[in-house]
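for reference, the sequence and a predicted model appear below.
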Amino acid sequence: MTTVFFLVATVAAGLLGAAQPGTGIPSEVIQLTQFGPSLAVAVLALFWPARTWALLRGAVRGSGGGLVPGGALAVTALLIIATAVGAHLLATGDVHFTAPGALGHPFPLIVVAQLIGACGEEIGWRCVLQPLLGARFGVVAGSALVGMLWGVWHVPVLAHGPLYAGAFLTATVSMSVVLGLGLQRVTSHRLLLAGSFHTLINLGMLVFMNEESGAVLPMALFGASSLVAALVWMSLGRAGRPVTVDHP
């Protein structure tokens, strides 16, 4: 299932990305590539319906509170961005800030579209692949593997060179570990919680960082701040109850 998911998600993202210019949908608002994982989930549901629906249990509805984990994840996302921006300010004396009003489209529209796009990704990465690999390898190792696949899936990012790609993969693996630990006992609205975390990260990078220019420093600082967050979550996980994952 993992191989099929990743191949379909990658091919679908490439096709959607190639089709986007013809749709007239601005990439600043939403990137159609984000729905590649959604299409991969649909393919899994065709070939492994029972297994896929079991993995999706709790993605939207279910029992069990997600308010506290959701709040912790949201705070973590904000701290990741704030730490990276603060470190960039200390290192260079400057912050790359784009006022929301200076963006090419209304900021509320961008926020809603970013949440939709993030959920388009996270229904695959965190709602299907994470429980699948977490049940096999454990929460931390499974999350790290999901994060690596998630990072490699962003093929164009890897073209910016080894240092940039390494920092980006550090960020995706670290954020995936944070999400895996944060969602491990949440049995309802997992998609919204993961999508909200993802959206906050994307909006923070859009407004405060210039990593899309290919500059290594902001991406390195983003990767480092994400790694610190993951280490804190792992430390808290060891200090609390044993980290486990339910087999779907």
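Yep, that arrived.

list the buried residues of stretch 7-22.
For stretch 7-22, burial by neighbour count (16 or more other Cβ atoms under 10 Å) applies to 8-10, 12-13, 16-17, 20. Just so you know, the C-beta spots here come from the backbone N, C-alpha and C atoms, and that holds for glycine as well.

what's it in contact with?
27, 31-37, 39-40, 43, 124, 153, 155 (Cβ atoms under 8 Å, 6 or more residues apart in numbering).

what segments of this protein are strands?
With DSSP state E, there are no strands along the chain.

name the helix or strand of it that has the lowest mean pLDDT.
The weakest-scoring helix or strand in the chain, judged by mean pLDDT, DSSP states H and E, is helix 155-158 (a mean of 86).

gap between that helix and the chain center?
15 Å (Cα atoms, centre = their mean, to the nearest Å).

show me what that helix is packed up against.
With contacts taken as 3 or more Cβ pairs under 8 Å, 6 or more residues apart in numbering; DSSP states H and E, helix 155-158 sits against helix 162-183.

quick one: mean pLDDT for the helix it packs on?
Averaged across helix 162-183, the pLDDT comes to 95.

for it, which positions count as buried?
164-183.

for that helix, output the C-alpha coordinates as CSV.
Taking Å, rounded to 0.1, in the frame of the first residue of the first chain, the C-alpha atoms of helix 162-183 are listed here in CSV:
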residue,chain,number,x,y,z
PRO,A,162,21.9,19.4,-1.3
LEU,A,163,22.1,21.9,1.5
TYR,A,164,18.6,23.3,0.8
ALA,A,165,17.2,19.9,0.2
GLY,A,166,18.8,18.5,3.4
ALA,A,167,17.3,21.4,5.5
PHE,A,168,13.9,20.9,3.9
LEU,A,169,13.9,17.1,4.6
THR,A,170,15.0,17.9,8.2
ALA,A,171,11.9,20.1,8.5
THR,A,172,9.5,17.6,6.9
VAL,A,173,10.7,14.7,9.0
SER,A,174,10.7,16.8,12.2
MET,A,175,7.2,18.2,11.6
SER,A,176,5.9,14.7,10.8
VAL,A,177,7.2,13.4,14.1
VAL,A,178,5.5,16.3,15.9
LEU,A,179,2.2,15.5,14.1
GLY,A,180,2.6,11.8,14.7
LEU,A,181,3.1,12.3,18.5
GLY,A,182,0.4,15.0,18.7
LEU,A,183,-2.2,12.9,16.9
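
would you mind pulling up the elements that that helix packs against?
helix 67-92, helix 130-137, helix 139-153, helix 155-158, helix 190-208, helix 216-239.

and stretch 106-120, what's buried?
Buried, per 16+ other Cβ under 10 Å, within stretch 106-120: 110-111, 113-115, 117-120.

nearest residue to the middle of this protein?
Central residue of the chain (Cα atoms, centre = their mean): His198, 4.7 Å from the mean position.

so what pLDDT did it get?
97.

pretty sure it contacts Gly120?
No. In this structure His198 lies outside contact range of Gly120 using Cβ atoms under 8 Å: 9.8 Å.

between these two, which contacts overlap?
With Cβ under 8 Å, 6+ apart, His198 and Gly120 have no common neighbours.

re the thing from before, any idea how far the residue nearest to the centre of the chain lies from Arg126?
9 Å (Cβ to Cβ, to the nearest Å).

could you redo the helices and strands packed on helix 162-183 as a markdown table and give each row distance to Gly58?
Shown next, in a markdown table, are the helices and strands packed on helix 162-183 (distance: least, Cβ to Cβ, whole Å):
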| stretch | distance to Gly58 |
| --- | --- |
| helix 67-92 | 12 |
| helix 130-137 | 9 |
| helix 139-153 | 15 |
| helix 155-158 | 30 |
| helix 190-208 | 5 |
| helix 216-239 | 19 |
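
out of these, the one nearest Phe47 is which?
Among the helices and strands packed on helix 162-183, helix 130-137 comes nearest to Phe47, with 13.8 Å by Cβ to Cβ.
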